[in-house]
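Student: Give me a 3D structure for the following:
(chains A and B)
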Amino acid sequence: MIQIPQHLNYFMIFKWTDIIEILVLSTFIFYFSCWLKKDHQKKLLPTFYGICLLFITTHYLHLTTLSSFIFSFSPALITIFILLHQKVIQKNFVAAKNLKPINLQKLDWVQSLVKTLLSAVDSKKEVQCLIECKDLAEEFAKPGIIVNTLIQKDILDYLIDSSQFNTNKFLWINQEGLIKAINSEWNLPEELVLLEDKKLSDWEKNSIRISGKLDLITLKTCSITRTFSIIAQGKIIENIFTDKTINLIQQFIKKSEFNHTNNSIKERGQNL
Amino acid sequence: MKFNQIQLTNQLTLKIISLIFSYLIWSILSQQHIATIEKNIPICFYNLNDNFEIFAPENLNIKVSGTRYDLWFNESNAVHIDSSFVNEEKEYEFEIYPQHIFLRPQLNLISYKPSRIKINAKKI
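Tutor: You can find the predicted model right below:
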């Protein structure tokens, strides 16, 4: 066994392993101090040294309870130092800033959709359309022909003009402007179908009932008046013109997006 | 001088402070740890007849275990031998027993060598 110089015994150092332990501990303290030093907002380094000094002083003054208390809470204190460090705070700040802004979602596709539907009206085609907002309609709708493509006027024109297109069924779109399917049908449980109000069509009845439960919009064109009827949140708005239709659809989608983002932020806040 | 005026940013200062703090913290935390050390302790003779002088080994190698704090305080230990048995000029063989080795009661004596020493007594 390698002997260490005898005079080191006066420092309570009896073996080489003791020197290694001290060096490892001092390396840790040194790098932690260097890291704390980089914080220019708060004086974390003097505070850290102050706590170390307090621990040492309380021990040598035989303030055992206080010394044990500081020692027991040392992991929590180190965590607090790490959390309070400027860099970590900055990271959290950047993460918070990276939330998806609600206004950035492009809703140009609404205009293309409404204009295409209006063109279809010229050909005496009344098109029904389901627009998903934050809820998915998978459970209540059955896709006819799956398309899965982003709305473009040419594509939409082509789809509506095609011989396969069935005006009794509906066009299924999501809030990002993706055409999910054409010739889609409702797939509702029996109790959801309302038949009391004879004035409303099946499409309207089903739309009112579904939109009251799910976050979605339905849209239908009227070839006689060249207007649209929108059903959202269980309410029907009839005979509205193109511009207002575009505005209303965009507002519904934005509101839905806004509510969803607010809920997400609240949930994140509760989780933190 | 105020604390913030001290050049804490200096790498060397940080290194020295870190070393001091690490040593102090290490010594506090390790005080109650059990350690084993080997050391040489002096052999002392008492009750020696004034007409004789003796020649014997000066040190005894012992191996003890205990807390670091007790080991640290155990600096003044030694082997104490009553040399009143020396009454003629010859070579004595003396068996050392643990009771001859004065240690703090908190320490455990694990081993020592030599266990038997030769004492040469000469008349003055």
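Student: near chain A, which residues of chain B?
Tutor: B:3-4, B:8-9, B:11, B:14-15, B:17-19, B:21-28, B:30-31, B:35, B:37-39, B:68-69, B:71-72, B:75 (C-beta under 8 Å from any C-beta of the partner chain). For every residue, glycine as well, the C-beta is placed using N, CA and C.
Student: cutoff 10 Å now
Tutor: B:3-4, B:6, B:8-9, B:11, B:13-31, B:33, B:35-40, B:68-69, B:71-75 (C-beta under 10 Å from any C-beta of the partner chain).
Student: are any of these buried, and which?
Tutor: B:8, B:14-15, B:17-19, B:21-28, B:30, B:35, B:37, B:39, B:68-69, B:71-72, B:74 (16 or more other C-beta atoms under 10 Å in any protein chain shown).
Student: Now, the residues you listed that are in strands?
Tutor: Among those, DSSP state E puts B:35, B:37, B:39 in strands.
Student: And the first one, how far from A:W203?
Tutor: Spelled out, that is B:A35. The span separating B:A35 from A:W203 equals 87 Å under the rule C-beta to C-beta, to the nearest Å.
Student: do the second one as well
Tutor: Applying C-beta to C-beta, one obtains 93 Å for the distance of B:I37 from A:W203.
Student: Same question for the last one.
Tutor: As defined by C-beta to C-beta, B:K39 lies at a distance of 98 Å from A:W203.
Student: any idea whether the closest residue in space to B:I101 that isn't next to it in sequence is helix, strand or coil?
Tutor: Of all residues not flanking B:I101 in the chain, B:V79 sits nearest, at 5.3 Å (C-beta to C-beta, 6 or more residues apart in numbering or on different chains). Assigned with DSSP: H, G, I helix; E, B strand; the rest coil, B:V79 falls in the strand class.
Student: hang on, isn't B:V79 packed against B:L109?
Tutor: No: judged on C-beta atoms under 10 Å, B:V79 makes no contact with B:L109 at a distance of 11.2 Å.
Student: what sits in contact with each of those two?
Tutor: B:62, B:101 (C-beta atoms under 10 Å, 6 or more residues apart in numbering or on different chains).
Student: Which strands or helices does the lengthiest helix in chain B pack on?
Tutor: In chain B, ranked by residue count with DSSP state H as the criterion, the top helix is helix B:11-30. Using 3 or more C-beta pairs under 10 Å, 6 or more residues apart in numbering or on different chains; DSSP states H and E as the contact test, the elements touching helix B:11-30 are helix A:16-37, helix A:44-60, helix A:64-72, helix B:68-73.
Student: Give the buried residues for the second one.
Tutor: Read it as helix A:44-60. A:44-45, A:48-49, A:51-52, A:55-56, A:58-59.
Student: Can you give me every residue that contacts the residue nearest to B:I101?
Tutor: B:41-45, B:57, B:59-60, B:62, B:96-97, B:100-102, B:112, B:117.
Student: Just the buried subset of those residues, written out for PyMOL, thanks.
Tutor: Typed into PyMOL, the line below selects the buried ones among the contacts of B:V79, using 16+ other C-beta under 10 Å:
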select buried, chain B and resi 41+43+45+60+62+96+100+101+112+117
